[in-house]
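Student: Have a look at this prediction, sequence included:
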Amino acid sequence: MILKFGGSWPGDLSFTDAVFTAASAVCVAGLATVEASRFSFAGQLTLLCLIQIGGLGIISFSCLTIIIPGMRFGLTGTDAIKGFFLDDIEYRPRRIVRSIIIFTFIIEVTGAVLLSVLFYRRDVDGWLFMAVFHSVSAFCNTGISVFPSQLLAFSGDIPVLLVLSVLIVLGGVGFLVLHDVLRLARGRIRKPSYHSKAVLFMTLLILSSGTVLFFIFERDRAFGGMNTLNAAINSFFQTVNTRSAGFEAVVQKNFCQPSKMLTSLLMMIGGAPGSIAGGMKVTTIFVVLVFLLKKPDKYGDVNVFHHRLRAATIHNAVIFVLKALFLLLICICALTVSEGLRGQPLNALIFDSISAFGTVGLSLGITPSLGTVGRWIIIATMFAGRVGLFALSFPAINPRRYDVTYPEGSLLLE
């Protein structure tokens, strides 16, 4: 838990707030009932460690045991590690874990160096720690900031926003894609895997379309006081943050309703599988969109990008989306019952529920004013979005077959 260190917190931090902050950090959700800037250095350092642990993930840390000589790893755990990579990319668990750690270390250090230079030139107090903290928070797609006003002071600072955006995107595309791109750059492969193509295609589609739409919606509203370049960069930064980061360079309450709806949709989509980002994942949405737009053949398969998506893959994607939406609906209903009676607006409750479920961290400002029950519901929602979606991604165990054929059931659907 996050505790009060050095008397920097005005009054005792409640048990619920401590659990909420710790859960938000470990789930890399980013929502907060108290400002991280009000913790002491020791408290912020503890928060940073929790973010890093959550970013690397339970699987990566638990699998470190396979590197220790004399240790053995179960078959189930080995299969879980392989979920980060495809068979045509990598299959050795030790190399997978090592690659995850190396990629994380290199990217976070590079980001910290760039941010430290920028913060030093801007006379930011504690520039070195600030750079390290925000580099880790950005790459881990947490979106927690220790600046008193989030990143509102940097809404016109293009270099800072671009560095953070790159870190967020790299953390959200997945280690498989990073590994694939690196091998492509070294000439070890001639073309990326089909998975990497789908992830990169969806990432570019979402980032470009989101940036254009936010710019159109907010050019004369939330971005009205900015020049064209700053408005475009902030539109891009807002789109990047909806993938699972949650930094706030512009107050979310200032956005118009279409922008809030777009933000909610992008938060539900999230990032890529095998990444630090949350959400339903871009590949799942890709499969569902392909299924909606293209007619399957007689076997239920769909051809796209010169490859065939099997009927089983399409079925799993559709079922996953339906289960995720049902789980999200339960969280929204629970929060509406607990907080709606206390006068909280419905649109803000839905927005923050989606943000918690997608482990994003953007908020319309109601999180600090939630009651005790509402805070525990958000905690459960963050775990549901982080752990629940991960559990739903595993195929269900096939039930035992019996030699019984039931009569066909007929239902009217229209």
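Tutor: Alright, I've got the coordinates.
Student: so Ile189 touches Asp180, yeah?
Tutor: Yes. Counting by CB atoms under 8 Å, Ile189 does reach Asp180; the two are 7.4 Å apart. Using the backbone N, CA and C atoms, a C-beta is placed for each residue, glycine as well.
Student: more crowded one of those two?
Tutor: Asp180 (27 against 16; other CB atoms under 10 Å).
Student: Spit out the contact partners of that one.
Tutor: Residues near Asp180 by CB atoms under 8 Å, 6 or more residues apart in numbering: 89, 189, 192-193, 195-196.
Student: Surely it forms part of a helix?
Tutor: Yes. When DSSP: H, G, I helix; E, B strand; the rest coil is applied, Asp180 is found to be in a helix.
Student: Any stretches of the stretch 51-200 of the chain with poor pLDDT?
Tutor: The stretch 51-200 of the chain contains residues with pLDDT under 70 at 57-94.
Student: can you give me the helices in it?
Tutor: Along the stretch 51-200 of the chain, the stretches classed as helices by DSSP state H, counting those that start in this stretch are 75-82, 93-121, 127-139, 158-173, 175-185, 194-218.
Student: helices or strands up against the helix or strand harbouring Phe286?
Tutor: Taking DSSP states H and E as the criterion, Phe286 maps to helix 282-293. The contact analysis (3 or more CB pairs under 8 Å, 6 or more residues apart in numbering; DSSP states H and E) places helix 282-293 against helix 194-218, strand 302-304, helix 311-340.
Student: wait, what's in contact with the spatially closest residue to Leu56 that is not a sequence neighbour?
Tutor: Closest residue to Leu56 apart from its sequence neighbours, by CB to CB, 6 or more residues apart in numbering: Thr104 at 6.3 Å. Residues near Thr104 by CB under 8 Å, 6+ apart: 55-56, 139.
Student: And those residues, which is closest to Tyr120?
Tutor: Phe139 (20.1 Å; CB to CB).
Student: right, and the closest one touches Gly172 too?
Tutor: No. Assessed by CB under 8 Å, Phe139 is found out of contact with Gly172, at 9.2 Å.
Student: intersection of neighbour lists for the two?
Tutor: Common contact partners of Phe139 and Gly172 (CB under 8 Å, 6+ apart): Ile276.
Student: Could you export stretch 218-229 as CSV, CA atoms only?
Tutor: C-alpha atoms of stretch 218-229 as CSV (Å, rounded to 0.1, in the frame of the first residue of the first chain):
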residue,chain,number,x,y,z
GLU,A,218,-12.1,20.6,-30.2
ARG,A,219,-10.3,23.1,-32.5
ASP,A,220,-12.6,25.9,-31.4
ARG,A,221,-13.5,24.5,-28.0
ALA,A,222,-10.9,22.8,-25.6
PHE,A,223,-8.1,23.7,-28.0
GLY,A,224,-9.4,27.2,-28.8
GLY,A,225,-6.6,29.1,-27.2
MET,A,226,-3.9,27.1,-29.0
ASN,A,227,-2.3,27.6,-32.4
THR,A,228,-2.9,25.0,-35.1
LEU,A,229,0.3,23.0,-34.4
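Student: Pull out the buried positions in it.
Tutor: Neighbour counts over stretch 218-229 (16 or more other CB atoms under 10 Å) mark 218, 222-223, 226 as buried.
Student: tell me how far the ends of stretch 361-376 are from each other?
Tutor: Using CA to CA, to the nearest Å, one end of stretch 361-376 lies 16 Å from the other.
Student: Is Ile379 within a helix or a strand, and which one?
Tutor: Using DSSP H and E, Ile379 falls in helix 372-383.
Student: Could I get the CA-only coordinates of stretch 337-352 as PDB?
Tutor: Extracted as PDB, the C-alpha positions of stretch 337-352 are listed here (Å, rounded to 0.1, in the frame of the first residue of the first chain):
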ATOM      1  CA  VAL A 337     -26.400   2.300  -8.000                       C
ATOM      2  CA  SER A 338     -23.900   3.200  -5.300                       C
ATOM      3  CA  GLU A 339     -23.000   6.700  -6.600                       C
ATOM      4  CA  GLY A 340     -26.100   7.700  -8.600                       C
ATOM      5  CA  LEU A 341     -28.100   7.900  -5.400                       C
ATOM      6  CA  ARG A 342     -25.500  10.300  -4.100                       C
ATOM      7  CA  GLY A 343     -26.100  12.700  -7.000                       C
ATOM      8  CA  GLN A 344     -23.200  11.800  -9.300                       C
ATOM      9  CA  PRO A 345     -24.000  12.400 -13.000                       C
ATOM     10  CA  LEU A 346     -24.600   9.300 -15.100                       C
ATOM     11  CA  ASN A 347     -22.300  10.300 -18.000                       C
ATOM     12  CA  ALA A 348     -19.400  10.800 -15.600                       C
ATOM     13  CA  LEU A 349     -20.000   7.500 -13.900                       C
ATOM     14  CA  ILE A 350     -20.000   5.700 -17.200                       C
ATOM     15  CA  PHE A 351     -16.900   7.500 -18.400                       C
ATOM     16  CA  ASP A 352     -14.900   6.700 -15.200                       C
END
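Student: Centre of the chain to the helix holding Ile379, how far?
Tutor: In terms of CA atoms, centre = their mean, to the nearest Å, the centre of helix 372-383 is set 18 Å apart from its chain centre.
Student: Can you spell out which helices and strands pack onto that helix?
Tutor: helix 15-26, helix 311-340, helix 346-357.
Student: Give the rounded mean pLDDT of the last one.
Tutor: Helix 346-357 comes out with an average pLDDT of 94.
Student: Against which helices or strands is that helix packed?
Tutor: Using 3+ CB pairs under 8 Å, 6+ apart, helix 346-357 is in contact with helix 257-269, helix 311-340, helix 372-383.
Student: Out of these, which is closest to Leu50?
Tutor: With CB to CB as the criterion, Leu50 lies closest to helix 372-383 of the helices and strands packed on helix 346-357, at 12.9 Å.
Student: still on that earlier bit, distance to Thr46 for the helices and strands packed on helix 282-293 - can I get that in TSV?
Tutor: Output for the helices and strands packed on helix 282-293, formatted as TSV (distance: least, CB to CB, whole Å):
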stretch	distance to Thr46
helix 194-218	32
strand 302-304	46
helix 311-340	27
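Student: of all these, which lies closest to Ser149?
Tutor: So among these, helix 194-218 is nearest, using CB to CB, at 19.3 Å.
Student: State the next helix or strand along the chain beyond that closest one.
Tutor: helix 228-241.
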